[in-house]
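[1] what's the 3D shape of this:
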Amino acid sequence: MNTSLTTALILLGLLAVAVVLVVGLYNKLVALRNRYQNAFAQIDVQLKRRYDLIPNLVETARAYLQHERSTLEAVIAARNAASTAGAAAAAKPGDPTAMKALAGAEGVLTGTLGRLFALSEAYPDLKANTTMLGLMEELSSTENKVAFSRQAYNDAVMAYNTQREVFPSSVISNSFGFAAAELFVIEAAAQREPPKVAFA
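    Just a heads-up that it's a prediction; the model follows:
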């Protein structure tokens, strides 16, 4: 009877350790998932700021670039597509499909903004416009904040993905449906360059 009681206590102790380990790993995965979702929320704030600046930039440029309507329309279309992709990614931060769509839309937007900025170089009055200069400065500052926020998000995703893949966390992550999160990476080398916004 004494031996069976000792065995039962040992088994109960091992079960308690296993439960504590599972709960601890589960909670760590939840905390890491929340961290990368919060990091994406910071990107989302900056992207919305960027999307809000673009219509003002286009309206300011429209008076000077009357013959460049297609470029202005391309910027607005790219902004709208990026905004839609951003909203989809914000609804599911880390979702591979949403993150790839956002990265692609942001790449297109960056390219069209680059064309607008290059075109504006040919218009001295536009280059000297104080409203345009202020908007360009705000956009440049926002681009820097997006880059920093994206780096923080990618770091958080890397920590989460690493934790969910290592043993014994991998058992917990697979059992409780902790899916891999997607990095926010801009693929094309040309898209990695921020648009030049200085009128010097």
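[2] what about the longest helix in this structure?
    Determined from DSSP state H, the single longest helix within the chain is helix 2-62.
[3] which other helices and strands contact whichever helix or strand comes after it?
    Toward the C-terminus, helix 2-62 is succeeded by helix 69-91 as the next helix or strand (DSSP states H and E). Helix 69-91 is packed against helix 2-62, helix 96-120, with contacts defined by 3 or more Cβ pairs under 8 Å, 6 or more residues apart in numbering; DSSP states H and E. Glycine gets a C-beta too; all of them are placed from N, C-alpha and C.
[4] just those: most buried one?
    helix 96-120 (a mean of 19; mean count of other Cβ atoms under 10 Å).
[5] pretty sure residue 160 is touching residue 34, no?
    No: Residue 160 lies out of contact with residue 34 (Cβ atoms under 8 Å); the separation is 9.3 Å.
[6] Can you spell out which helices and strands pack onto the longest helix of the chain?
    Counting contacts by 3+ Cβ pairs under 8 Å, 6+ apart, helix 2-62 packs against helix 69-91, helix 96-120, helix 130-165, helix 169-175.
[7] hmm, try it at 7 Å
    For helix 2-62, the elements it packs on are helix 69-91, helix 130-165, helix 169-175, judged by 3 or more Cβ pairs under 7 Å, 6 or more residues apart in numbering; DSSP states H and E.
[8] Using CSV, lay out those helices together with mean neighbour count and mean pLDDT.
    Putting these into CSV (neighbours: other Cβ atoms under 10 Å; pLDDT from 0 to 100) gives the following:
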stretch, mean neighbour count, mean pLDDT
helix 69-91, 17, 92
helix 130-165, 17, 91
helix 169-175, 16, 91
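[9] nearest to residue 183, of those?
    Proximity to residue 183 (Cβ to Cβ) singles out helix 130-165 among the helices and strands packed on helix 2-62, at 5.0 Å.
[10] now the angle from that closest one to helix 2-62?
    160 degrees (axes from the mean of the first three to the mean of the last three Cα atoms, to 10 degrees).
[11] and the angle for helix 130-165 with helix 96-120?
    Using the same axes, to 10 degrees: helix 130-165 against helix 96-120 is 160 degrees.
[12] could we number from 32 for the rest of this?
    Got it, the first residue is 32 from now on, which makes the last one we talked about helix 161-196.
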